[in-house]
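> model this:
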Amino acid sequence: MNNRPVPELQTDPEFEDLIQPRKENYLEELEESIFDHGCLDPVYVWNNIILDGHLRYKICMKWDIHFNIQHIIFESRDKAVSFICREQLKRTDLTGEYKKYLIGRLFRADMNTASDEFMKKHPDMGLNADGQVSQKYVRKTDIATIIGTEFNFGFSTVTKYDIYARAVDDLKRKSPEIAEKILNGKLRVSHENIIELSRLPIEDINGLKRLLDSGSIDRIGYSQLRHELRWQRLPTGKPDSRRIKREKESAEAGIKQMPATDPDAELESLKFTIPSWSKTISRTIELTDFPSTSGNARREVKMQLLNLTRKITRLLSQLEEEDSDDRRTDSRTNDTGR
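The predicted structure follows:
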């Protein structure tokens, strides 16, 4: 039994979200080990907040068992986040999704720390349009290379995981349950599709949650989930004004059923995909050291871009042609009405 005064420590939701939940058998084994041998590892604390050792703390408090506290001094919250991420990345039971998320969060925290340290030394230096220190002074590639070397990733992979982590955090704010399923590997969504998923309005996210709660689609890709949303027309908790308008117009025209296909389906799908392309191209322009790239790599990308440009030109031409037809039709209708 512990006769010493026990400090009451605090937890932080953001810090706890960085820790992948343990399996039930691990909890049982840890409790048994602490019961038999005592709490051998300390609970790591910053500003009275637990950074590592949440389970040890709970077990020791539950059974009144003595434990040691290791106080760590950090100048900022970002440094505390970096510590947690690095400790968690030592685990061998992480899902691939959690590992990507932790790498992305580590990169963001280290970037913030580097920017803060630069601003302390150069307080008169202005920030860029994004409110960050210019890459002339704090280079993403440098921070990403350091992290990549530490965890055996290329620097471009680290920056890619930063985007992944930001998308997961956006999704957490809309649906913690779906984000948790993704991080724990219960819902498989590709890197590109999780970005699209994070951009969905919350009413569509709620519709997806209903699909997932049914338990039958937890391994379907996002494109199929979006297809389910579009064609099953699941209730999302908020009326879709465009859908209501279409149904009203169909009823007024004497149409008893919706058509089997939606003529806007492919355009709608493309509309959601293009921003991801644009962001990838912008990121490539920003992060690539072009003089260091191989001629073969540049030629292959150039060929693909030229091919894409031709297809974009064809599509734009088709859209312009249809718009012209619509304008001519509207003009004839107006003339007839005079």
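
> so for stretch 19-36, what's the average pLDDT?
Averaging pLDDT along stretch 19-36 gives 93.

> actually, stretch 180-195.
88.

> just how off-centre is that stretch within its chain?
Here stretch 180-195 is found 9 Å from its chain centre; the criterion is C-alpha atoms, centre = their mean, to the nearest Å.

> residues in contact with stretch 41-54?
Residues outside stretch 41-54 that contact it (C-beta atoms under 8 Å, 6 or more residues apart in numbering) are 7, 9-12, 15-16, 19, 56-57, 67-74, 80, 83-84, 87. All C-beta spots, glycine's among them, are computed from the backbone N, C-alpha and C.

> pull out the buried members of those.
Asp12, Phe15, Ile19, Arg56, Tyr57, Phe67, Ala80, Phe83, Ile84, Glu87 (16 or more other C-beta atoms under 10 Å).

> quick one: which of those is nearest Asn184?
Of all the buried ones among the contacts of stretch 41-54, the one sitting nearest Asn184 is Ile19; the distance, using C-beta to C-beta, is 11.9 Å.

> distance-wise, check the residue lying closest to that closest one once chain neighbours are set aside relative to Gln20.
Leaving aside its sequence neighbours, Ile19 sits nearest to Gln88 (C-beta to C-beta, 6 or more residues apart in numbering; 6.0 Å). Counting by C-beta to C-beta, to the nearest Å, the gap between Gln88 and Gln20 amounts to 7 Å.

> between these two, which contacts overlap?
Contacts common to Gln88 and Gln20, judged by C-beta under 8 Å, 6+ apart, are Leu94, Tyr98.

> thinking again about what came up before, and the buried ones among the contacts of stretch 41-54, which two are furthest apart?
Looking at these by C-beta to C-beta, the two members farthest from one another are Phe67 and Ala80, with 20.1 Å of separation.

> can you list the buried ones among the contacts of stretch 41-54 in JSON lines and add secondary structure?
As requested, those are arranged in JSON lines below (DSSP: H, G, I helix; E, B strand; the rest coil):
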{"residue": "Asp12", "secondary structure": "coil"}
{"residue": "Phe15", "secondary structure": "helix"}
{"residue": "Ile19", "secondary structure": "coil"}
{"residue": "Arg56", "secondary structure": "helix"}
{"residue": "Tyr57", "secondary structure": "helix"}
{"residue": "Phe67", "secondary structure": "coil"}
{"residue": "Ala80", "secondary structure": "helix"}
{"residue": "Phe83", "secondary structure": "helix"}
{"residue": "Ile84", "secondary structure": "helix"}
{"residue": "Glu87", "secondary structure": "helix"}
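
> which one of those sits closest to Thr141?
Each of the buried ones among the contacts of stretch 41-54 was checked against Thr141 using C-beta to C-beta; the closest is Phe83, at 23.4 Å.

> these two touch, right, that closest one and Ile73?
No. Using C-beta atoms under 8 Å, Phe83 is not in contact with Ile73, being 10.9 Å away.

> where along the stretch 1-150 of the chain do the helices fall?
Using DSSP state H, counting those that start in this stretch, the helices of the stretch 1-150 of the chain run over residues 13-17, 24-37, 54-63, 77-88, 96-121, 140-151.
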